[in-house]
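In: The sequence isn't on hand, but the structure is:
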């Protein structure tokens, strides 16, 4: 009789505990100690008991043992995922468990701007306080796709750089088969080289395909590209000069100086973005060989030396009105930077007829 009574009492107690645990499971949790949420980091391989005690220490749950008991009761103990979590103030244990089981970790952002060199991006990755591990060697110039990347705490620096390289390869693999016909580009690497020049020549999305067409036209007729960003890259590997380019530097024979070398430089001068890559694979149809700044943002384009001379004169007039003349160079490609103008040989070969294009590339 006594044994039966004891069993009844124990069953009643157990039922009460379960009922209390169920009530506690759905009840509001404690307020956050600071701000409106508490950030907790659950390391890989953490045991359920350790997780529950961590949450109690950080004020996410009131009683870690009750949380652990409820997790085991509901079969959730083995489903908790490692990660960094933001737990809102007053979250119930049921909601906390769902966050941990769903693995909804905090997403951190890393942004690499278009036009940065691989070394510049590498330094940013190396300095990021959330990423872990060493970044490894500086990636090949032009091999990374500048974008904003989301990652969770614990992502390695080398892993993020690999992700950026993979993103560029995927973008090129998608666009290359649908490139315009007749491009003077034999490989995807050459497309990236030209895209890196387009990236540095204009920041206006609407101009990229037109700028690309100028350089494509020059390559087709054997003209030198004659673009300042290649000169700067040959001098500083892409870092700002902090001054105008000297004539002696325009004349200096570096492997990247397109005033001196013919055709494309031996490699990219930065990491071009998606729009610049798309522009060189599907340039605007034009006969233009020159462009010059308007002074009001953007550029004006020309197909002949005489048209270019008029455009440069118009920029000169604007420059005289806007500010005192500065001792800077006007590039042969037509982007005005100063007070002297060098013109190309007027006996230019005629452009071949524009090739018929394949199906248009989808732009993103």
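Out: Good, I have the coordinates. Just so you know, these numbers come straight off a predicted model, no measurement behind them.

In: quick one: secondary structure of the closest residue to residue 301 other than its chain neighbours?
Out: The shortest distance from residue 301 to any non-neighbouring residue, by CB to CB, 6 or more residues apart in numbering, is to residue 288 (4.2 Å). Using the backbone N, CA and C atoms, a C-beta is placed for each residue, glycine as well. Assigned with DSSP: H, G, I helix; E, B strand; the rest coil, residue 288 falls in the coil class.

In: For residue 288, grab phi and psi.
Out: Geometry field for residue 288 lists phi and psi as phi -70, psi 140, criterion degrees, to the nearest 10.

In: Contacts only, for it.
Out: Applying CB atoms under 8 Å, 6 or more residues apart in numbering, we find residue 288 in contact with 210, 213, 214, 217, 301, 302, 303.

In: ok, and for the host helix or strand of the first one, which residues are buried?
Out: Following DSSP states H and E, one finds residue 210 within helix 208-221. Under the neighbour-count criterion of 16 or more other CB atoms under 10 Å, helix 208-221 has 208-220 buried.

In: quick one: which two of those are the most distant?
Out: Greatest spacing in these, by CB to CB: 208 and 220 (18.4 Å).

In: quick one: the closest residue to residue 310 other than its chain neighbours from residue 265, how far?
Out: Nearest residue to residue 310 in three dimensions, chain neighbours excluded: residue 302, at 7.8 Å (CB to CB, 6+ apart). According to CB to CB, to the nearest Å, residue 302 stands 24 Å off from residue 265.

In: can you check residue 33 too?
Out: Separation of residue 33 from residue 265 (CB to CB) stands at 57 Å.

In: between those two, which one's more packed in?
Out: Between residue 33 and residue 265, residue 265 has the larger neighbour count (other CB atoms under 10 Å), namely 22 against 10.

In: I figured the more buried one hits residue 193, correct?
Out: Yes - the criterion here is CB atoms under 8 Å, and residue 265 meets it with residue 193 at 6.4 Å.

In: Remind me what the helix or strand containing residue 173 packs against, helices and strands.
Out: Following DSSP H and E, one finds residue 173 within helix 157-175. When contacts are defined as 3 or more CB pairs under 8 Å, 6 or more residues apart in numbering; DSSP states H and E, helix 157-175 packs onto helix 118-127, strand 148-151, helix 188-201, helix 274-281.

In: so which of those comes closest to residue 68?
Out: Closest of the helices and strands packed on helix 157-175 to residue 68 is strand 148-151, at 30.1 Å (criterion: CB to CB).

In: who does the closest one pair up with?
Out: If you go by DSSP bridges, strand 148-151 pairs up with strand 108-111 (antiparallel).

In: what separates the partner strand from the chain centre, distance-wise?
Out: Distance of strand 108-111 from the chain centroid (CA atoms, centre = their mean, to the nearest Å) equals 9 Å.

In: go on, stretch 261-277?
Out: Counting by CA atoms, centre = their mean, stretch 261-277 comes out at 17 Å from the chain centroid.

In: Please identify the buried residues of that stretch?
Out: By neighbour count with 16+ other CB under 10 Å, stretch 261-277 contains the buried residues 261, 264-265, 267-277.

In: again with stretch 36-55
Out: Neighbour-count burial for stretch 36-55, counted by 16+ other CB under 10 Å, picks out 37, 38, 40, 42, 48, 51, 52, 53, 54, 55.

In: The fourth one - nearest residue in space that isn't next to it in sequence?
Out: When the adjacent residues along the chain are set aside, residue 42 lies closest to residue 82, with 5.1 Å between them (CB to CB, 6+ apart).

In: For that neighbour, grab phi and psi.
Out: The phi/psi pair for residue 82 (degrees, to the nearest 10) is phi -70, psi 150.

In: Tell me where the stretch 201-350 of the chain has strands.
Out: With strands called from DSSP state E, counting those that start in this stretch, the stretch 201-350 of the chain shows them at 290-293, 299-302, 329-330, 340-341.

In: Run me through the strand neighbours of the first one, direction for each.
Out: What it means is strand 290-293. strand 299-302 (antiparallel).

In: Can you pick out the most distant pair from the buried residues of stretch 261-277?
Out: 261 and 274 (27.5 Å).

In: pLDDT score assigned to residue 51?
Out: For residue 51, the model assigns a pLDDT of 95.

In: Helix or strand: which one has it?
Out: Assigned by DSSP H and E, residue 51 belongs to helix 48-57.

In: Show me what that helix packs onto, helices and strands only.
Out: So helix 48-57, by 3+ CB pairs under 8 Å, 6+ apart, packs with strand 37-42, helix 64-73.

In: quick one: which of those is nearest residue 246?
Out: Closest to residue 246 of the helices and strands packed on helix 48-57 is strand 37-42 (CB to CB; 52.4 Å).
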